[in-house]
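Student: Sequence first, predicted model second:
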Amino acid sequence: MTKQNIMPAKVEIRKVGSHGIVQDRNPNELTSAAWTAGKNVRFKDDKASRIEGHAQTFGTPTVTPYAIFNVPGANDQTFWVYFSLLKAYVVESGVHSNITRAAGDYTVANGRSWTSCILGGIPIFNNGTDLPQYWSALNVSQVLQNLASWDTNKRARVIRSFGSYLVAMNLTETGTARPHKVLISHKADPGSLPSSWDPTDPTVDAIEFELTDAKGGELLDGLSLGSQFIFYKKNSTHSMRFVGGTELWSRDRVFEDSGILNTRCVCAFKEGTMHFVATQNDIIVHSGSAGSSTSVVNGSNREAIFAELDSTAYYNSFCFTNAKKTECWFVYPTSGNTIPNKAYFWNWTNKTHGFRDIDALGADFGVVSDSSIVQWNSSTETWATATGSWQDAGREAILFASPTDVKIFKLDSGYAFGSTTPVAFLERTDLVYESDHIRFGQRVLISRIWPKLQGLGKWTIQVGAAEYEDGPVTWSTATIFDPAEEIPYMDVSPPISGRLPAVRFEQNENVASTIQGYDLRMAPLGEF
């Protein structure tokens, strides 16, 4: 019998940041560059990098922060208002000041209920239980007040601004719920609040109407979109546009069977021309017209996200835009959690999908003036690996409120997650590859990996293989690979055999690190 030579082949995997994490599809259908699991990694320029962390800012909050909102002032002045269940505080120049209304504590039961908007430079805050509040002067000595001209017998689940108008949705009138009702104020003069909310007064523009449809459910939120205002019900979406004349507003139904998961589950992006929306069973983007809706997670992560979304605490979920990174985020509680603990983020430029650990109940974007500056002599990064900006103090950033940690954090700051070091990992199973010598699905022996890494971080690497689709993976011993040692490869110990290769990268250091790709040495073992 003639002995058959086993000719090893080197299989190259590149552009590992071109797709991100795709959990719903059969791995055999995916390009080799896609990952089947992972978290705390960001994808850019066809590379996969350890995601930036978050750092505490503004010291220790005076009360537990459940919601946080930015209020821009004049001459580069900036204010950050945060709410507990009872109090309102503002941070300006690092000083925390109590601006709770003079009448006493608020009575909100859930921190998620706080929403805000700004009308002509005037901040307005609402929680659906207490009378809507406004901040009459951007001064730390000025407390919040009841919204002028508002009917004290009414409450609104949400109040948003639209041009010179305020739009109140899902009303309660003298204790009676009106979940489909919309109340629009009279037009406000520049720098002023509306003078009237009375729809029966023929001398003003105030108007009210009911957004009723067969299966739409209650009104949950609304947000401006270009020249339109979009209303989101539980299972339907409506639009409104100012037309003037005796009618003032035209209305239309945009989506008959697609609404929103809950209040705060929508954000605008691309300079306000698109909406990113978490619906009852999908995450979509749209431009406000019928037929413009596109799922960003169908065929990638929709099933995975909604399978792990907690079935009772989902109402604490929220969305926000990370414009610097061209990302939209959906922050949600996984099964067994009440406060959102995980974020899915979608990059609208390169269409990649990622996940991140986070503990937050609200976030906002604005100028942050604090002292959290990395000094030259304390930085551990090099010019080649640094991802932040020099002189970052006073720059715009995203802050989020963490009631669990009782802290306010600045997102994309450093690499630590507060005081902890997160685990970042990427995993690919049932790896599809191209080789002139080895057919996909043929049994192979994997003996070596050449990781293509940049940065200071050491990665723990494992290589594995399965015998059949979705079968158990046999993994090699976890081995730490340090790119600083300048050894270009790592031997797989013990060598792994199987039909469907797998690979896993894991890192738990607070430093910049990037995966550009990897090579695998494989030898065919026959058909059986």
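Tutor: Looks like it came in fine.
Student: can you map out the strands along the stretch 401-528 of the chain?
Tutor: The residue ranges that make up the strands of the stretch 401-528 of the chain, judged by DSSP state E, counting those that start in this stretch, are 407-411, 424-428, 444-455, 459-466, 474-475, 479-481, 490-498, 500-507, 513-524.
Student: For S32, which of those is the nearest?
Tutor: Proximity to S32 (C-beta to C-beta) singles out strand 424-428 among the strands of the stretch 401-528 of the chain, at 7.8 Å. In short, each C-beta sits where N, CA and C put it, glycine included.
Student: Identify the residues contacting that closest one?
Tutor: Strand 424-428 is contacted from outside by 16, 21, 27, 32, 34-41, 48, 50-51, 502-508, 515, using C-beta atoms under 8 Å, 6 or more residues apart in numbering.
Student: Just the buried residues out of the residues you listed, in ChimeraX syntax.
Tutor: Burial among those is assessed by 16 or more other C-beta atoms under 10 Å; the matching ChimeraX selection reads:
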select :16,21,27,32,34,35,36,38,39,40,41,48,50,51,502,503,504,505,506,507,508,515
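Student: P61 - that's part of a helix, no?
Tutor: No: applying DSSP: H, G, I helix; E, B strand; the rest coil, one finds P61 to be coil, outside a helix.
Student: Find me whatever residue is spatially closest to F417, sequence neighbours aside.
Tutor: Closest residue in space to F417, ignoring its immediate chain neighbours: G53 at 4.9 Å, by C-beta to C-beta, 6 or more residues apart in numbering.
Student: what residues are up against that neighbour?
Tutor: By C-beta under 8 Å, 6+ apart, the contact set of G53 is D412, S413, G414, Y415, A416, F417, G418, P422, N510.
Student: Mind listing residues that contact stretch 476-495?
Tutor: By C-beta under 8 Å, 6+ apart, the residues outside stretch 476-495 that reach it are 445-451, 453-456, 458-464, 496, 506.
Student: Using neighbour counts, trim the residues you listed to the buried set.
Tutor: Burial of the contacts of stretch 476-495 was assessed by neighbour count (16+ other C-beta under 10 Å); the buried members are 445-451, 453, 455-456, 458-459, 461-464, 496, 506.
Student: the strands in the stretch 1-150 of the chain, which residues?
Tutor: Remark: strands assigned in the stretch 1-150 of the chain by DSSP E, counting those that start in this stretch are 9-14, 37-39, 41-44, 47-50, 54-56, 67-72, 78-83, 88-92, 95-98, 115-119, 122-126, 133-134, 145-146.
Student: what is the closest residue to L309 other than its chain neighbours paired to in the beta sheet?
Tutor: Take L309 and drop its neighbours on the chain: the residue closest to it by C-beta to C-beta, 6+ apart is Y332, 5.4 Å away. Counting by DSSP bridges, Y332 forms beta bridges with K342.
Student: Y332: how many residues sit nearby?
Tutor: For Y332, the tally of surrounding residues (other C-beta atoms under 10 Å) stands at 26.
Student: what does K324 give?
Tutor: Number of residues near K324 (other C-beta under 10 Å) recorded here: 14.
Student: hang on, it packs against S413?
Tutor: No: applying C-beta atoms under 8 Å, one finds K324 not in contact with S413, separated by 11.8 Å.
Student: Report pLDDT for A393.
Tutor: On the pLDDT scale, A393 is placed at 48.
Student: Tell me the bridge partners for V285.
Tutor: F276, T294.
Student: Output the below-cut-off pLDDT ranges for the stretch 1-150 of the chain.
Tutor: Counting by pLDDT under 70, the stretch 1-150 of the chain has low-confidence residues at 1-7.
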